[in-house]
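> Here's my sequence, what's the structure:
(one chain, ligands or ions: 1)
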Amino acid sequence: MNIKARVISLIKEVENGKYSNIALNEYFKENPLTKKERGFITELFYGVIRNKIFLDYEIDKRTTTIKKDWIRNILRISMYQMSFMKSDDKGVIWEATELAKKKFSVPVGKFINGVLRSYQREWQEDVKELKEQGKNYIYLSYPKWFYNKIISEYGIEEGELYLTSLKKIPYISFRVNTLKYSNLEFEKLLQEKGIEIIKKVDTVYYVDSGVLLYSDEFKEGKIIVQDASSYLSARNLNPKSNESVLDTCSAPGGKTAVLGELMNNTGELLALDIYPHKLKLIEENCHKCGVTIVKPVKMDARKLKEQGKKFDKILVDAPCSGYGVLRKKPEAIYNKDVENVQELAKLQFEILESASQVLKDGGELVYSTCTILKEENGENIKKFLEKYPEFKTVQLYIPENVNGTYDSVGGFTVDYKEDILDGFYIVKLSKK
Ligand SMILES: C[S@@+](CC[C@H](N)C(=O)[O-])C[C@H]1O[C@@H](n2cnc3c(N)ncnc32)[C@H](O)[C@@H]1O
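Just a heads-up that it's a prediction; the model follows:
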C-alpha cells in the first residue's frame, strides 16, 4: 500500500477514537518498515493531527462539502507537506492527484489538484491575515478557549512560545530499571543496535528509535517506557528503604515502580486508584519491574482519613488536564473544554488536602501533574500553603539539563524551554 494511503487509514483510526500512539505502535508492530519509512509515516501522521484545525480551515475555505474522509485526509496530508515539511510542492500535488484519480475518478483527481494549487498560491497570505485578525489560534491549531487560557496565564509572547513548543515532535524514552539492569548495560545495547541517544536524564534515555519496544529487555522489565519528567516526580519523593509510602493516584503504576525501586523493595508501598479495573495495570507493571512490595488498593484519594493510617512519604500525582503531554497525545486538545480544568483543579485540591491529613509530622509529600496550567499547579499549591501553614515547600532535585521555570511557591514547571521532556509540574512539601 502507498505510504500516504497508510497514513490516511491511521488518521481515520484516531478520528474514530483510538489514541494516536497506540494506533501507530500497533501499525509498526504489524508492518516491518525501514527506519526512513517509519520516520516519514510518523511525521505525516502526527503532523496532520497536530495541525488539524489550521488544515481544515484551509480546506473548508476552498470547498463546500467533503463527504469522503479519504479526500479530506489526502488534502490535509498534502497541505501539511507543503507548509511544514519543505516538500517539493509540484510533486506533492501530482502524487495526490494521481492517487485520487486511481481511487475514485479523473474528476476527483482534478478537484484535488485545484484545491491544492489554490492552497499553494495563497496559504502564506492566509497565515498573515489570520495573525492580523487576531486569529493566530487557527494557525497554531488550538481551540480558541485553550489559546485564550494560555495567553491569559502567560501573556501573548510566552504563551505563544508554549503553544508552539507543545507541537514539537516527541522522542520515545526508556528508563533503566536498576532492580534488573544498569545504565552501562543499556548503553552497550544501544550501541550494538545502532540507536542514538538524544538526551539522558539520570536513568532515562531519549532515543531515536522505538524498536526496543519489541526487545527482550523491554519484555523482561529491564527497561520501561517512561518520560524523565514522570520519573523525576517519583525521584523527588526520594523514599528510603523500610519507609511507609503512599501513592495516591497510581495507575498504571509508572511512578509506583520507581518508588519501589528507590525503596530497594523494602518497607510499605500502598498504591491507590479510584477505578478498580486499573489496579490490575499497577500490579502487572510492578510485577514486570520486579517490584514486590506494592499493594494496589481501590480507594478514593479524597477520603484517605478513612483508612486510618499515616505515612512517611506521599506522592500525589494528581489526575489533570494533561496539556504537558500534548506532544505525545496531540489529539487530546480537540476533546476537552474549559470547564474540565476548573473541575480538575477542585479535585486536585481535595486530594492534596486529604493526603496532607495522613502524612506523618516531619513527613514529605510530592505533588505533580502533567499539565502546564497554573490553575492546576502553582495556584493550587499557593491556596494550600495559605490554608495549611504547617506545610512548607522543600528544595527540588532537578538535573542541570532539564529546562524549565520555578514559580513563586517553589514548584518547578518543565516548560517551553525544554525541547525533549514532557511538560510537567513538580513541587515538594514538608509537614512540621
Ligand atoms: C496522572 S494519572 C496517574 C499516573 C500514575 N501516577 C503513573 O505514574 O503511572 C492519575 C490517576 O488518578 C486516578 N484518579 C482519579 N481520581 C482519583 C481519586 N479521586 N482517587 C484516586 N485516584 C484517582 C486516575 O484513575 C488515574 O489513574
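
> From now on I want contacts and neighbour counts done on CA atoms only, so please keep to that.
OK.

> Excluding chain neighbours, what is closest to residue 92?
residue 78 (6.1 Å; C-alpha to C-alpha, 6 or more residues apart in numbering).

> Flag every buried residue along the helix or strand harbouring the one you found.
Following DSSP states H and E, one finds residue 78 within helix 69-84. Neighbour-count burial for helix 69-84 flags 70-82 (criterion: 16 or more other C-alpha atoms under 10 Å).

> what about stretch 229-239, average pLDDT?
Average pLDDT, stretch 229-239: 98.

> I meant to write stretch 189-207 there.
Stretch 189-207 comes out at a mean pLDDT of 97.

> Stretch 145-153 too?
On average, stretch 145-153 scores 95.

> Can you give the distance of that stretch from its chain's centre?
19 Å (C-alpha atoms, centre = their mean, to the nearest Å).

> List the buried residues for that stretch?
146-148, 150-151.

> So which residues on this structure come close to the ligand?
248-255, 272-275, 299-302, 317-319 (C-alpha under 6 Å from any ligand atom).

> Could you grab the helix/strand/coil label for the closest residue in space to residue 328 that isn't next to it in sequence?
Nearest non-adjacent residue to residue 328, counting by C-alpha to C-alpha, 6+ apart: residue 170, 6.1 Å away. Secondary structure, DSSP: H, G, I helix; E, B strand; the rest coil: residue 170 is coil.

> wait, what's in contact with residue 413?
Listed by C-alpha atoms under 8 Å, 6 or more residues apart in numbering, the contact set of residue 413 reads 372, 404-407, 423-426.

> Longest helix in this structure, please.
helix 106-132 (DSSP state H).

> C-terminal to that one, which secondary structure element comes first?
As assigned by DSSP H and E, the chain's next helix or strand after helix 106-132 is helix 136-139.

> same for that next one, what does it pack against?
helix 52-62, helix 106-132, helix 144-165 (3 or more C-alpha pairs under 8 Å, 6 or more residues apart in numbering; DSSP states H and E).

> Could you look over those and pick the most buried one?
Highest mean neighbour count among the helices and strands packed on helix 136-139 (mean count of other C-alpha atoms under 10 Å): helix 52-62, with a mean of 19.

> so what secondary structure elements neighbour that one?
Using 3+ C-alpha pairs under 8 Å, 6+ apart, the elements in contact with helix 52-62 are helix 69-84, helix 106-132, helix 136-139.

> From the chain's centroid, how far away is it?
Its chain's C-alpha centre lies 25 Å from the corresponding centre of helix 52-62 when counted by C-alpha atoms, centre = their mean.

> relative orientation of that helix and helix 106-132 in degrees?
120 degrees (axes from the mean of the first three to the mean of the last three C-alpha atoms, to 10 degrees).

> Other residues contacting helix 52-62?
Under C-alpha under 8 Å, 6+ apart, the answer for helix 52-62 is 48, 72, 75-76, 79-80, 115, 118-119, 123, 138-143.

> what's the pLDDT at residue 361?
Confidence score, pLDDT, at residue 361: 98.

> Could you name the specific helix or strand carrying it?
Using DSSP H and E, residue 361 sits in strand 359-369.

> now for that strand, which elements pack on it?
Looks like strand 359-369 contacts helix 228-237, strand 311-317, strand 424-431 (3+ C-alpha pairs under 8 Å, 6+ apart).

> can you list these in a markdown table and add mean neighbour count?
Formatted as a markdown table, the helices and strands packed on strand 359-369 follow (neighbours: other C-alpha atoms under 10 Å):
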| stretch | mean neighbour count |
| --- | --- |
| helix 228-237 | 24 |
| strand 311-317 | 25 |
| strand 424-431 | 24 |
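
> Tell me who's in contact with the most centrally placed residue in the chain.
Nearest residue to the geometric centre of the chain (C-alpha atoms, centre = their mean): residue 325, 2.2 Å. Each residue near residue 325 by C-alpha under 8 Å, 6+ apart is listed here: 166, 370-371, 422-423.
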